[in-house]
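Novice: What would the 3D arrangement of this be:
(one chain, ligands or ions: 1)
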Amino acid sequence: MDTAKRYLVTGAAGFIASQVCQQLLDQGHQVVGIDNLNDYYDPRLKRHRLEQLGGNSFEFQELDIENAAQLRTLFDQSSFDAVLNLAARAGVRYSIENPVVYETTNSLGNLNLLQEMQRTGCSKLVLASTSSLYAGQPMPFREDLPVNTPISPYAASKKGAEVMSYSFHNIHKIDVSICRYFTVYGPAGRPDMSVFRFIRWIDEGTPIELYGDGTQSRDFTYVDDIARGTILAVKPLGYEIINLGGGGTPVSLNTMIEMLEQRLNKKAIINRQPFHKADLMETSADITKARDLLGWNPEVDLAEGLDRSVQWYLENQPWSESIPLP
Ligand SMILES: Cc1cn([C@H]2C[C@H](O)[C@@H](COP(=O)(O)OP(=O)(O)O[C@H]3O[C@H](C)C(=O)[C@H](O)[C@H]3O)O2)c(=O)[nH]c1=O
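Specialist: Alright, predicted model coming up:
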């Protein structure tokens with residue numbers, strides 16, 4: 001084990017960040033986790049994730065990265081070896097209905113953290129970003145593609161956070177790793193995302209709301225792999241943008257639905273909806289840079305990852321079927 005460090009993980013009750021906390025704790029580190037526990041989706045799911053993170057090395061505080069005064073107090077109380085900023089408004093389609101909270105959480109919240117890091121001399125930031133930025137670019141997506149035309153307020157707000165982080169790197173020498181995630185899924189996943197919802201709908205016999213004809217595809221990435229890559233990105237790198245994605249052949253929604261049907265031993269009913277204009281038709285990650293800089297490769301393929309996701313859903317019934325779908 002490396003020497004034990006003290007890390008700040010934001011959005012700690014979230015799907016990815018809670019797994020990042022778990023892996024840091026497993027490695028023997030101290031973790032301060034913060035989250036505003038907002039009700040975009042059922043806070044019981046957030047508390048369920050937090051309950052898995054016991055032990056003396058984990059401290060949770062209900063704090064909002066949008067609140068600069070709260071952050072100031074936190075940074076005055078503790079010093080951190082690195083900040084992993086995974087607190088986010090992350091729903092692609094909801095960002096059209098409420099773009100302001102995307103800007104205030106994703107861009108301004110990240111700026112608040114950068115300012116506290118600069119003030120207190122914390123020099124390492126890992127920022128969670130998104131493959132949604134690659135809309136319209138040729139596949140497989142490489143980090144050096146121009147991503148100046150984000151098609152959703154969500155993607156635009158993450159681009160804002162990326163470039164402000166660059167400014168702080170340039171002026172204040174903060175070392176920044178930007179991880180661009182590709183559609184992440186797994187146990188206790190986000191109930192606004194396709195995998196969680198499709199498991200639920202197939203199991204219940206409720207029609208799946210399918211945007212488009214299901215031929216759109218994703219480079220689905222399992223949550224444990226994403227968390228491992230995020231932690232590897234804590235190393236000093238200067239300023240680097242790194243894709244964390246499946247890196248294999250993207251899988252269509254139709255295929256993903258068939259795989260879930262097999263696991264649940266039930267047939268899906270499809271309720272077709274128009275393709276959403278903030279959606280990408282395909283995503284595929286070039287992960288050469290993650291391999292070269294981090295020694296990272298995804299380890300859990302979609303078959304195994306969906307097994308585990310379905311198993312979590314079934315093991316947590318009847319509670320898991322009572323979680324409202326936003
Ligand atoms: C929730 C839902 C989705 N879909 C379709 C829409 C997309 O074409 C596809 C995947 O949607 P999902 O929300 O699972 O994932 P992405 O749109 O790729 O976005 C996700 O991955 C990126 C990288 C992030 O950064 C976002 O935070 C994250 O939400 O399924 C449906 O057809 N029905 C549904 O109910």
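Novice: What is the burial count for Tyr41?
Specialist: Neighbours of Tyr41 under the rule other CB atoms under 10 Å: 19. C-beta coordinates here come from the backbone N, C-alpha and C atoms, glycine included.
Novice: dump the residue contacts of it.
Specialist: Contact partners of Tyr41, counting by CB atoms under 8 Å, 6 or more residues apart in numbering, are 190-192, 323-324, 326.
Novice: who touches stretch 147-160?
Specialist: 88-93, 95-96, 99, 102-103, 105-107, 129-130, 132-137, 277-278, 280.
Novice: Kindly identify which of these also come near the ligand.
Specialist: Filtering the contacts of stretch 147-160 for neighbours of the ligand using CB under 6 Å from any ligand atom leaves 90-92, 130, 132.
Novice: could the residues you listed go into a markdown table alongside neighbour count and secondary structure?
Specialist: Shown next, in a markdown table, are those (neighbours: other CB atoms under 10 Å; DSSP: H, G, I helix; E, B strand; the rest coil):
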| residue | neighbour count | secondary structure |
| --- | --- | --- |
| Ala90 | 27 | coil |
| Gly91 | 20 | coil |
| Val92 | 20 | coil |
| Thr130 | 27 | strand |
| Ser132 | 26 | helix |
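Novice: which stretches of the protein form helices?
Specialist: Assigned by DSSP state H, the chain shows helices spanning 15-26, 43-51, 68-77, 94-97, 99-102, 109-120, 153-172, 194-204, 223-232, 253-264, 288-289, 302-315.
Novice: mind putting the ones you listed in TSV, mean neighbour count, mean pLDDT and distance to Ala4 included?
Specialist: Converted to TSV, those look like this (neighbours: other CB atoms under 10 Å; pLDDT from 0 to 100; distance: least, CB to CB, whole Å):
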stretch	mean neighbour count	mean pLDDT	distance to Ala4
helix 15-26	23	98	10
helix 43-51	17	97	21
helix 68-77	15	98	19
helix 94-97	17	96	38
helix 99-102	17	98	35
helix 109-120	20	98	20
helix 153-172	19	98	26
helix 194-204	21	98	34
helix 223-232	23	98	14
helix 253-264	17	98	39
helix 288-289	16	98	28
helix 302-315	17	98	29
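Novice: By neighbour count, which of the contacts of Tyr41 wins?
Specialist: Among the contacts of Tyr41, Arg190 has more neighbours than the rest - 21 neighbours, counting by other CB under 10 Å.
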